[in-house]
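*Asks:* any chance you could fold what I've pasted below:
(chains A and B)
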2 protein chains.
Amino acid sequence: MKRVHNFNAGPAALPLSVLEQVRDELIDYNGQGLSVMEMSHRSDVFDKIIKDAERLTKEVMGIPDGYKVLFFQGGATLQFAAVPLNLAADGKNCDYINTGEWSTKAIDEAQKLGKSVRVIASSQDQTFSYIPTDFKINSDAAYLHVTSNNTIYGTQWKSFPKTGEVPLVVDMSSDINCCKLDMSQFDLVYAGAQKNMGPSGVTMVIIKEALLERSPANIPTMMSYKIIGKKDSLYNTPPTFGIYIIKLVLEWIQKNGGLEKLEAVNNKKADILYREIDRSGFYRGTVRKDSRSMMNVPFRLGSEELEKKFVAEAKAAEMIGLKGHRSVGGIRASIYNAVPLETVQALVDFMADFEKRNG
Amino acid sequence: MKRVHNFNAGPAALPLSVLEQVRDELIDYNGQGLSVMEMSHRSDVFDKIIKDAERLTKEVMGIPDGYKVLFFQGGATLQFAAVPLNLAADGKNCDYINTGEWSTKAIDEAQKLGKSVRVIASSQDQTFSYIPTDFKINSDAAYLHVTSNNTIYGTQWKSFPKTGEVPLVVDMSSDINCCKLDMSQFDLVYAGAQKNMGPSGVTMVIIKEALLERSPANIPTMMSYKIIGKKDSLYNTPPTFGIYIIKLVLEWIQKNGGLEKLEAVNNKKADILYREIDRSGFYRGTVRKDSRSMMNVPFRLGSEELEKKFVAEAKAAEMIGLKGHRSVGGIRASIYNAVPLETVQALVDFMADFEKRNG
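*Replies:* Numbering: from 1, shown residues only, chains lettered A, B, ... in the order given. Below is the predicted model of the structure:
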């Protein structure tokens, strides 16, 4: 069995021990005589799985009372539509901060659906290379939407805006569970599972129960926070296998000391990688230092030709997924929770060696 | 390793050989050094998987040129909304035939979204125990929607309405690929994967290319046939692992002689089960004989007490999923493609024995 160093931006690396458990239970889950994939979503066995996933999410993230943990389908893209459809049915303005591709898509989707959108800050003036700090939240907004981590540009919010009475909505797809946060500051968090939580095809929504009441009746059922909330994610058949894997990943986090421990490891991983980038000038980080992501680390080399060579030689050394997003080029190392410190160290060693040979 | 006789209505049994392959490839797919779950949806390796799934769907089902095979999320429930939002943007009337719970939900969803719905036939007058044959399709309809197989009541269309210029839209969630059909009669077919195709979390949409042009711009992206069609199901991250399993199930169908062969086995399975139901009067079928489903076989016993005993004893004999849907009660055996003839024979033998002991 071969395992490469996986720097994919998403879908991304999963913990090996989780994959091993999935493999071992694939045909006969827990002596039930069938796969999780073959189980009724209304069976007692699956009910325990989904309830465990919800409970573990609350435990691991430290979510206070008064929030629902829900599972949707359709990725963050479905949430780009669901957020305005549910929360701004009354025609109120929707405030957004634009930190790149995913924020832009969220903004476009709200506008497409006829909502009144205000972009109160943007870092587009400098190719989305920083997190804006200068903005004024409108007190009459239906909500403020931010993207906590930009997978493509490699920026990350270090602390979140204080929004007062205005609900704070955060797309946390690419950095959920990368560190411990005060969850009470958020009104709605959503995240596709395929970076830090599990396979693609499941989107977690963490929502203040009071917000559920905002959902109007005339929106598609599969987008209604109220209906999916009332049915505890079981209005129809949820993506059962993905939810099962999320549960295993949460157990893996808990077994390994929780988010505090994970945060320390993630900091270490990001530290050694950024230190190597900054060391000599051979590599060049593209993000303002105070806005650097601890999940997605983009950098450039002296020329596109050298970057191609870097990616090809890295691949030959069993390090995959290092090519930057097609929209920005360069190199990007995604170092999510399941990417071990040793894998990041292997990349750092390769970078030093590559510099020696090409510097 | 234990394997039970699985009569679940969905998620349901998968072919054992497919599950074994999934297990064997789970940690290292094809020598790539990572799981399919950990792969970029834009990688060459996954691109081949999704293209193979599309090609195999066309080959296995015999889909003529001029159709797209797409993968959505959100189950049939998302399609209940997507169909009217995409196809009836011009305010035209939408015709439906109501054969039970799922048709009813499709109708309710279209109405909720402000569409003008006409129910041109319904079998509600006799507890949805038959497929209506007496109806007139309105030539000015945006489309006619039917549910090919009712999972709960156990009815199935044996041939489909001739709709002329009116697009025929079929929810085939619970009997897709159960037999060979002339696909040119359909304009849009959709089906959740979790009965005859794979795990829950993927919905297949087979759509005439000409229909893609009907999608208006102001609907949620994840529901737009036009956008998802233009991007070949890769607008955002699709449920990659589910698509991979669908591909394996299609290969399994092809290896086993295709849909013609599968149809013969499915007929045999349904025949021996219905014959046992009809044999003595101890069991009672609930569906008019000309409308009986070859996928979901509901039947009653003399009393609810006896039915409870039947389900409990069957379970003790390693036969699971036989309890009827909570809305109708009784017994239901779902005998999808992946349920082997031997499993149905085991149930028939159990039924004969149970009758002897309780008749």
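*Asks:* quick one: the strands in the stretch 51-200 of chain A?
*Replies:* In chain order, the stretch 51-200 of chain A shows strands spanning A:67-72, A:94-98, A:117-122, A:143-147, A:149-150, A:155-156, A:168-171, A:188-192, with DSSP state E, counting those that start in this stretch as the criterion.
*Asks:* out of those strands, which is the most enclosed?
*Replies:* Mean neighbours per residue, mean count of other CB atoms under 10 Å in any protein chain shown, is largest over the strands of the stretch 51-200 of chain A for strand A:149-150, with a mean of 28. In short, each C-beta sits where N, CA and C put it, glycine included.
*Asks:* that one - contacts with which helices or strands?
*Replies:* helix A:101-112, strand A:155-156 (3 or more CB pairs under 8 Å, 6 or more residues apart in numbering or on different chains; DSSP states H and E).
*Asks:* relative to strand A:117-122, how tilted is the first one?
*Replies:* Okay, so that is helix A:101-112. In terms of direction (axes from the mean of the first three to the mean of the last three CA atoms, to 10 degrees), helix A:101-112 departs from strand A:117-122 by 160 degrees.
*Asks:* what lies in contact with helix A:101-112?
*Replies:* With contact meaning CB atoms under 8 Å, 6 or more residues apart in numbering or on different chains, helix A:101-112 is reached by A:76-77, A:80-81, A:83-84, A:88, A:94, A:96-98, A:117, A:119, A:128, A:145-147, A:150-153, A:171, A:173, A:325, A:327, B:217-218, B:220-221.
*Asks:* what does the stretch 251-359 of chain A put close to chain B?
*Replies:* The stretch 251-359 of chain A comes close to chain B at residues A:318, A:320-321, A:326, as judged by CB under 8 Å from any CB of the partner chain.
*Asks:* helices of the stretch 201-350 of chain A, start to end?
*Replies:* A:225-230, A:240-255, A:258-280, A:304-316, A:341-358 (DSSP state H, counting those that start in this stretch).
*Asks:* can you pull the contacts of A:Lys231?
*Replies:* Neighbours of A:Lys231 in contact, by CB under 8 Å, 6+ apart: none.
*Asks:* for it, give me the pLDDT.
*Replies:* As predicted, A:Lys231 sits at a pLDDT of 98.
*Asks:* which residues of the stretch 251-359 of chain A score low on pLDDT?
*Replies:* Low-confidence segments of the stretch 251-359 of chain A, defined by pLDDT under 70: none present.
*Asks:* quick check: A:Ala314 vs A:Arg279, distance?
*Replies:* Here A:Ala314 is placed at a distance of 18 Å from A:Arg279 (CB to CB, to the nearest Å).
*Asks:* sec struct for A:Ala9, please.
*Replies:* coil (DSSP: H, G, I helix; E, B strand; the rest coil).
*Asks:* how close does it sit to A:Asp349?
*Replies:* Taken as CB to CB, the span from A:Ala9 to A:Asp349 is 22 Å.
*Asks:* who's more crowded, the two?
*Replies:* Legend: neighbour count by other CB atoms under 10 Å in any protein chain shown for A:Ala9 and A:Asp349, higher for A:Ala9 (23 against 12).
*Asks:* list the contacts of that one.
*Replies:* A:Ala9 touches A:151-152, A:174, A:195, A:296, A:321, A:325, A:332, A:334, B:40, counting by CB under 8 Å, 6+ apart.
*Asks:* next one: phi and psi at A:Ala317?
*Replies:* Dihedral pair for A:Ala317: phi -90, psi 20, per degrees, to the nearest 10.
*Asks:* who's in contact with it?
*Replies:* A:346, A:350.
*Asks:* gap between it and chain B?
*Replies:* As for A:Ala317, its distance to chain B is 12 Å (criterion: CB to the nearest CB, to the nearest Å).
*Asks:* check A:Val119 too.
*Replies:* From A:Val119 to chain B the distance is 19 Å (CB to the nearest CB).
*Asks:* out of the helices and strands packed on strand A:149-150, deepest packed?
*Replies:* Most buried among the helices and strands packed on strand A:149-150, counting by mean count of other CB under 10 Å: strand A:155-156, with a mean of 26.
*Asks:* now tell me what touches it from outside.
*Replies:* Counting by CB under 8 Å, 6+ apart, A:99-100, A:123, A:128-131, A:148-150, A:175, A:287, A:291-295 sit against strand A:155-156.
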